[in-house]
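Chemist: okay, predicted coordinates and the sequence, questions at the end:
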Amino acid sequence: MADKIVVSGVKKHFRSGKQSLPVVGGVSLSVADGEFVAIVGPSGCGKSTLMKIVSGFERADEGQVLIDGVPLLRPSPKGIVISQHGSVFPWLTVQENLMFGLNGDGHGDKAALADHYAAMVGLKGFENSYPRELSGGMLKRVEIARALVVKPEILYMDEPFSALDALMNLRMRTELLRILQEERHTVLLITHDVEEALYLADRIIVLSPRPTVIQASFAVPQSHPRKLSSPELQTLKDAILAELGL
Ligand SMILES: Nc1ncnc2c1ncn2[C@@H]1O[C@H](COP(=O)(O)OP(=O)(O)OP(=O)(O)O)[C@@H](O)[C@H]1O
């Protein structure tokens, strides 16, 4: 499969006063078209910074990011970010939120498309509801639908489910896999949760403490749906946790 994302020799530091804080210490990785790669690493190691660089919201000091072979200089229309903070507009209905990113004439009947994606994430019947009328899990699904409706080639997910309760977190994982089976996207997921990574990803990259580098990489060869209790995934989990010093 062709490489969708190529990260080569990326380094980044921040400056606070006279202090220099090295955050990304030299990261190179390739993500194939349609691949789902999860990134785990210790708290504060630089995961979000790396994600911002790979999604074009932050510039690297050194190295570069290529999307389909083209250097990334700003956020690409091919990618969309889903973060833990949420970006649903409270003053718009679910349908209006989903229609928001659809501009130009390329999207046909925007309302119908919005409703299709609302249904896809289980929000049929809530198209005219406002965010304040929805639960946290429903809001997160609006967010995911809002990202998918523009048919991004790349989904950048930074702890997308971390604000949800444990049950909703599990539901959303399954929901995401179902959607990805219908529409193949290239996905880069940052998570604290090794089990979430094992459940979802084709490959798991473990980052070192700051300044972060790739410490280990694990392929997850199992097909979906996966059983986290399977001996193979348990062995993999132990190996990843060992890399994280746990
Ligand atoms: N814009 C910035 N200016 C200065 N320092 C920053 C900036 N962004 C991040 N940092 C620092 O860089 C380091 C890495 O932050 P980052 O958010 O990338 O880590 P993380 O691995 O995503 O953290 P967490 O696991 O806690 O979400 C932290 O020490 C943080 O304080």
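Modeler: Great, that's in hand.
Chemist: just confirm Tyr199 is within a helix.
Modeler: Yes - assessed with DSSP: H, G, I helix; E, B strand; the rest coil, Tyr199 lies in a helix.
Chemist: I'd like the distance between it and Ala147.
Modeler: Distance, Tyr199 to Ala147, by Cβ to Cβ, to the nearest Å: 19 Å. The C-beta positions use only the backbone N, C-alpha and C, and glycine is treated the same way.
Chemist: please identify the helix or strand for the residue minimising distance to the centre of the chain.
Modeler: Against the mean C-alpha coordinate of the chain, by Cα atoms, centre = their mean, the closest residue is Met157 at 1.6 Å. Element membership for Met157 (DSSP states H and E) is strand 154-158.
Chemist: partner strands of that strand, with direction?
Modeler: Using DSSP bridges, the strands paired with strand 154-158 are strand 79-83 (parallel), strand 186-190 (parallel).
Chemist: what's the spatially closest residue to Ile80 that is not a sequence neighbour sitting at in phi/psi?
Modeler: In space, Ile80 comes closest to Pro152 once its chain neighbours are excluded; the distance is 4.0 Å by Cβ to Cβ, 6 or more residues apart in numbering. Backbone torsions of Pro152, given as degrees, to the nearest 10, read phi -70, psi 150.
Chemist: so who does Pro152 touch?
Modeler: By Cβ atoms under 8 Å, 6 or more residues apart in numbering, the contact set of Pro152 is 78-80, 185.
Chemist: format the residues you listed as CSV; extra columns: distance to the ligand, pLDDT and neighbour count.
Modeler: Listed next are those as CSV, based on distance: Cβ to the nearest ligand atom, whole Å; pLDDT from 0 to 100; neighbours: other Cβ atoms under 10 Å:
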residue, distance to the ligand, pLDDT, neighbour count
Lys78, 23, 92, 17
Gly79, 18, 93, 22
Ile80, 19, 91, 23
His185, 22, 92, 21
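Chemist: for those, which one is nearest Glu62?
Modeler: Closest approach to Glu62 among the contacts of Pro152 (Cβ to Cβ): Gly79, at 21.7 Å.
Chemist: buried residues in the lengthiest helix in the chain?
Modeler: Among the segments of the chain that qualify as a helix by DSSP state H, the longest is helix 166-182. For helix 166-182, a neighbour-count test (16 or more other Cβ atoms under 10 Å) marks 168-169, 171-173, 175-176, 179-180 as buried.
Chemist: how about residues contacting the strand holding Met157?
Modeler: 4-5, 47-48, 51, 54-55, 67, 76, 78-84, 147-148, 185-190.
Chemist: cool, stretch 34-44 as well?
Modeler: With contact meaning Cβ under 8 Å, 6+ apart, stretch 34-44 is reached by 1, 4, 29, 31, 47, 50-51, 180, 184-194, 196-197, 200-210, 212, 215, 240, 244-245.
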